[in-house]
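Asks: Got a sequence here, can you model it:
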Amino acid sequence: MANIKKRQPIKGTPPLEDEEFYVLWGRETLKNNLAFTNDVLRQLVTLNAVLLGGSIAFLDDSLVDSTFKKVIILLFFLSLVFSFVGMMPYGHSVDLRLPEDIRRHKEFAFKLKRYFLWTAGALLASGFIVALVGLIVHKA
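Replies: Numbering: from 1, shown residues only. Sure thing, here's the model as predicted:
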């Protein structure tokens with residue numbers, strides 16, 4: 001016991017106003033990521049529903065070949081499905097008395113929703129690309 005040295009307390013300085021601002025901003029951003037992702041997915045559902053309906057009703061053989069039309073409709077439909085499933089509440093159980101469980105739950109929910117968001121976005125973009133290619137091929 002005689003060999004144990006007493007440690008001196010670490011002296012520090014209070015954080016600067018800018019540092020405190022950015023730490024709080026970072027925490028707010030992290031906290032709002034899940035809600036923002038849900039909002040984007042909800043808007044994608046609306047956009048995909050409109051595009052799917054429009055492509056079924058207005059995309060005729062005079063603009064693109066029927067093969068392209070089928071692929072476009074399929075891509076918009078899949079994007080709608082991924083958007084819709086992604087915006088559904090994440091229902092895994094969590095013990096609200098354990099902060100670490102809450103953190104893990106929120107992180108996993110965000111990663112899962114972000115997967116659905118990126119997949120829906122990629123399918124939507126693919127639908128537009130196929131539509132553009134279909135227009136170019138049909139006009140040629």
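Asks: Walk me through the regions of the chain where pLDDT falls short of the threshold, as ranges.
Replies: Where the chain drops to pLDDT under 70, the residues are 1-4, 140.
Asks: what sits against the spatially closest residue to residue 104 that is not a sequence neighbour?
Replies: Nearest residue to residue 104, sequence neighbours excluded (C-beta to C-beta, 6 or more residues apart in numbering): residue 94, at 7.9 Å. (Each C-beta comes from the backbone N, C-alpha and C, glycine too.) Applying C-beta atoms under 8 Å, 6 or more residues apart in numbering to residue 94 gives the contacts 101-102, 104-105.
Asks: switch to 7 Å and redo it
Replies: Residues counted as contacts of residue 94 (C-beta atoms under 7 Å, 6 or more residues apart in numbering) are 101-102, 105.
Asks: Please indicate which of those residues are buried?
Replies: When the contacts of residue 94 are checked for burial by 16 or more other C-beta atoms under 10 Å, the buried set is residue 105.
Asks: any chance of the contacts of residue 94 in a markdown table, plus distance to residue 50 and secondary structure?
Replies: Below are the contacts of residue 94 laid out as a markdown table (distance: C-beta to C-beta, whole Å; DSSP: H, G, I helix; E, B strand; the rest coil):
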| residue | distance to residue 50 | secondary structure |
| --- | --- | --- |
| 101 | 39 | helix |
| 102 | 37 | helix |
| 105 | 33 | helix |
